[in-house]
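Trainee: Structure for this input, please:
(one chain, ligands or ions: 1)
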Amino acid sequence: MKEKVRSGYEAGDYEGEKRSTREVREHEKELLEKMESMAQGEKVLDLGCGTGEPFDRYLVDRGFDITGVDLVSKHISSARENVPEGDFQQGDFFSVQENGFDAVVSFYAIFHLEREKHSDLFEFIYEKLSEDGVMLVTVGGGDMEKHESEFAGSELVWSSYSPEKNKEIITNAGFRIVETYEEKNEEEHHYWVLAEKA
Ligand SMILES: C[S@@+](CC[C@H](N)C(=O)[O-])C[C@H]1O[C@@H](n2cnc3c(N)ncnc32)[C@H](O)[C@@H]1O
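Mentor: Numbers count the residues shown, from 1 in each chain. Predicted coordinates:
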């Protein structure tokens, strides 16, 4: 899945079609503000940071230090331009070496990883966090082993569990779930989870 996702986004125009004018939505702001009130420091890791807009820009403007990682080189180039204050590196979610983040976030990206690897990713996020660390993530909204379709000008692939299964694997990774939110409209279906180290 990883190579299909990487080459798909490199060939497509995610920034032009989806992010050049995208603002942080109201429900996203509410969750980000809750995360901000829980975080004990400024160090935030963004997994699958994309172009840095709108989320890393928003977080840097709120005083956070951002480290971002993304598979796609042109997204990393854009992130460096859009958010020059951040530290952005091309790589896989699991390539991050640094630890001790006050928060780990991932917006609309985990659904590009095979769902069989989601437990490993939540355990990895747990390890990346400081003692009182917070996690805010979006995963797919429903039970979907593997789904391929066109998105932002190229063929991409998605994989996700049901909300119940997500709650189970996130709790099993060591987190206490603080809040969830189901984002559903005609085009999109996502599940948001705000959690802290238990
Ligand atoms: C829909 S975009 C969202 C980007 C950004 N979080 C946002 O909301 O604008 C998904 C991003 O996840 C990245 N991604 C997908 N799988 C990844 C992986 N295994 N490791 C790192 N990045 C990944 C893609 O390259 C893409 O930039």
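
Trainee: per-residue confidence for the residue of the chain found nearest the ligand?
Mentor: Relative to the ligand, the nearest point of the chain is residue 50 (2.5 Å; C-beta to the nearest ligand atom). (Each C-beta comes from the backbone N, C-alpha and C, glycine too.) Residue 50 is assigned a predicted lDDT (pLDDT) of 98.

Trainee: okay but it is in contact with residue 109, surely?
Mentor: Yes: contact criterion C-beta atoms under 8 Å: residue 50 and residue 109 qualify, at 7.3 Å.

Trainee: Could you check which of these two has the larger neighbour count?
Mentor: residue 50 (26 against 21; other C-beta atoms under 10 Å).

Trainee: For the protein, which residues are neighbours of the ligand?
Mentor: Within the chain, the positions near the ligand by C-beta under 6 Å from any ligand atom are 2, 5, 9, 19, 48-50, 55, 69-72, 75, 92-93, 107-109, 112-113.

Trainee: shared neighbours, residue 50 and residue 109?
Mentor: Common contacts of residue 50 and residue 109, defined by C-beta atoms under 8 Å, 6 or more residues apart in numbering, comprise residue 70.

Trainee: what sits opposite residue 196 in the beta ladder?
Mentor: With DSSP bridges as the criterion, residue 196 is bridged to residue 134, residue 176.

Trainee: Just the pLDDT for it.
Mentor: pLDDT, read off for residue 196, is 98.

Trainee: I'd say it and residue 132 touch.
Mentor: Yes: with contact defined as C-beta under 8 Å, residue 196 counts as touching residue 132 (7.1 Å).

Trainee: On the three-state scheme, residue 34 is what?
Mentor: helix (DSSP: H, G, I helix; E, B strand; the rest coil).

Trainee: Excluding sequence neighbours, find me the nearest residue to it.
Mentor: residue 194 (5.9 Å; C-beta to C-beta, 6 or more residues apart in numbering).

Trainee: wait, the one you found sits on residue 178?
Mentor: Yes: with contact defined as C-beta under 8 Å, residue 194 reaches residue 178; the gap is 4.7 Å.

Trainee: so what sits against both of the two?
Mentor: Joint contacts of residue 194 and residue 178 (C-beta under 8 Å, 6+ apart) are 34, 38.

Trainee: Other residues contacting whichever strand or helix holds the residue nearest to residue 34?
Mentor: Using DSSP states H and E, residue 194 sits within strand 189-197. The contact list for strand 189-197 (C-beta under 8 Å, 6+ apart) reads 27, 31, 34-35, 38, 108, 111, 126, 129, 131-142, 160, 163, 166-167, 170, 174-184.

Trainee: Alright, that wraps it up for me.
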